[in-house]
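[1] Next one to model:
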Amino acid sequence: MPATLRGARQGNARPRAKAPQSQGKPRASAKGPQTAAKLRAARGVGLPPRFAIMAAGAVFGVGLIVTLATGHRAQALAQNTQHAVAGQTAGLGFKLRQVHVQGASPMAERAILASTGLAIGQPILDIDLDAVRKSVEAVGWVQDAQIVRLLPDTLVVAVRERSTLAVWQNRGRMTVIDAAGTPIPEADPGRFPQLPLIVGEGANEGAARILQAVHSRPRLVERLEAIVRVDGRRWDLRLKDGGLVQLPAAEEESALIQLDQLDQRQRILELGFERIDLREPGIIAVRPRGAPLPGEPLASGGA
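    Okay, here's the model as predicted:
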């Protein structure tokens, strides 16, 4: 009876072959196949890793310049990063060299430029466009403004200027006002002799309406010296020859039509008068020049 070896399997069992030992190569970790697959995919694109990094950096740089150039900075950009970028680009020629103001008169342009607070040579990408716009719109001349950055070295300040309406005299002070009655502090009244003069407390608020009614009558306009607000409720028209036209508190247009009719019949504006009272609807009271006031004694004749 053949001898039986201890620990041997029954039947035709073959001994297990030993795995060949590695020749000094480290074992791949669990992430090894995934990493290798990513590298193979990257090589399949055909762009070397160094150039891929450079391209990504260029795209980021262009995006950053576009963001800053449009004035809509991403909130995620820290302020110190912005200053650093602006400082670096300034060395490449991105410095402010000229500011163009569009839509403003020569008188307004100086005040607009001063309001920007800009200095030639400062990094152009470091300029806060929104802050500049708010400063420009704070100028009395300006109704609204738009600031445009033209790289590498130009800033455009495009404004819509307020139109001048009249010179307003109130408590001894003269101010130019716009069509809405808003004062324009930077405007010198002495440089606007062609503008009509309105006088009195609150006269600026209703100036546009009364001026429109008066300006449609050229014969009256050429003789007009000032439009005076009385008690905050009605207007007096003061003429250059000293005459006075008293308008009612309401329906000024109807009263002026009556004045037109009187002038057509009697040429009253040419002949002159002391006062025309139109305060009562449908009633015209005319005081000729040199006529005695009520209660004033008449001059006695010679003996």
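[2] residues in contact with residue 276?
    243, 244, 245, 246, 259, 262, 268, 284, 285, 286, 287 (CB atoms under 8 Å, 6 or more residues apart in numbering). To be clear about C-beta, it is placed using only N, CA and C from the backbone, and glycine gets the same treatment.
[3] Dig out what it forms beta bridges with.
    Applying DSSP bridges to residue 276 gives these bridge partners: residue 245, residue 286.
[4] Quick check: the gap between it and residue 185.
    37 Å (CB to CB, to the nearest Å).
[5] Check residue 275 too.
    Distance, residue 275 to residue 185, using CB to CB: 36 Å.
[6] Which of those two has more residues huddled nearby?
    residue 275 (16 against 11; other CB atoms under 10 Å).
[7] For residue 171, see how far away the more buried one is.
    For residue 275, the distance to residue 171 - CB to CB - is 25 Å.
[8] can you give me the helices in the stretch 201-303 of the chain?
    Using DSSP state H, counting those that start in this stretch, the helices of the stretch 201-303 of the chain run over 207-215, 218-221, 252-266, 268-271.
[9] Quick one: residues in contact with the longest one.
    Put plainly, it is helix 252-266. 210, 213-214, 217, 219-220, 235, 245, 247-248, 268-269, 276, 278, 281, 284, 286.
[10] show me where pLDDT drops low in the chain?
    Applying pLDDT under 70 to the chain flags residues 1-92, 291-303.
[11] swap the cut-off to 50 and go again
    Residue ranges of the chain with pLDDT under 50: 1-15, 17-53, 55-57, 59-60, 76-78, 80, 298-303.
[12] Break the chain down into its structural domains.
    What automatic domain parsing lists as the domains of the chain is 52-161, 164-287.
[13] Specify the beta-bridge partners of residue 156.
    Applying DSSP bridges, one finds that residue 156 bridges with residue 100, residue 148.
[14] roughly how far apart are it and residue 107?
    Distance from residue 156 to residue 107, by CB to CB: 20 Å.
[15] Same question for residue 211.
    Applying CB to CB, the value for residue 211 to residue 107 is 21 Å.
[16] With neighbour numbers in mind, choose between these two.
    residue 211 (19 against 16).
[17] so who does the more buried one touch?
    By CB under 8 Å, 6+ apart, residue 211 lies in contact with 165, 166, 196, 198, 227.
[18] got the residues you listed as TSV, with distance to residue 179, secondary structure and neighbour count columns?
    As requested, the contacts of residue 211 are exported to TSV (distance: CB to CB, whole Å; DSSP: H, G, I helix; E, B strand; the rest coil; neighbours: other CB atoms under 10 Å):
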residue	distance to residue 179	secondary structure	neighbour count
165	5	strand	21
166	9	strand	25
196	13	coil	19
198	13	strand	24
227	15	strand	23
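[19] Turn the residues you listed into JSON lines, columns for distance to residue 149.
    Below are the contacts of residue 211 laid out as JSON lines (distance: CB to CB, whole Å):
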{"residue": "165", "distance to residue 149": "34"}
{"residue": "166", "distance to residue 149": "37"}
{"residue": "196", "distance to residue 149": "41"}
{"residue": "198", "distance to residue 149": "42"}
{"residue": "227", "distance to residue 149": "46"}
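[20] Looking at those, which one is closest to residue 94?
    residue 165 (42.7 Å; CB to CB).
[21] distance of the nearest residue to that closest one once chain neighbours are set aside from residue 161?
    Nearest non-adjacent residue to residue 165, counting by CB to CB, 6 or more residues apart in numbering: residue 179, 4.9 Å away. Taking CB to CB as the measure, residue 179 and residue 161 are separated by 12 Å.
[22] show me where the protein has strands.
    98-102, 142-150, 154-161, 164-170, 173-178, 197-199, 224-230, 234-239, 244-246, 275-277, 285-287 (DSSP state E).
[23] Need the CA coordinates for stretch 170-184. CSV is fine.
    Extracted in CSV, the C-alpha atoms of stretch 170-184 (Å, rounded to 0.1, in the frame of the first residue of the first chain):
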residue,chain,number,x,y,z
ASN,A,170,-34.2,135.4,-4.4
ARG,A,171,-33.2,137.3,-1.3
GLY,A,172,-30.5,139.1,-3.2
ARG,A,173,-28.9,136.0,-4.6
MET,A,174,-28.9,135.2,-8.3
THR,A,175,-28.9,131.6,-9.5
VAL,A,176,-29.2,129.9,-12.9
ILE,A,177,-32.0,127.2,-12.9
ASP,A,178,-32.8,124.4,-15.3
ALA,A,179,-36.1,123.5,-16.9
ALA,A,180,-37.3,121.8,-13.7
GLY,A,181,-36.4,124.8,-11.6
THR,A,182,-33.4,123.1,-10.1
PRO,A,183,-30.4,125.5,-9.4
ILE,A,184,-27.2,125.0,-11.3
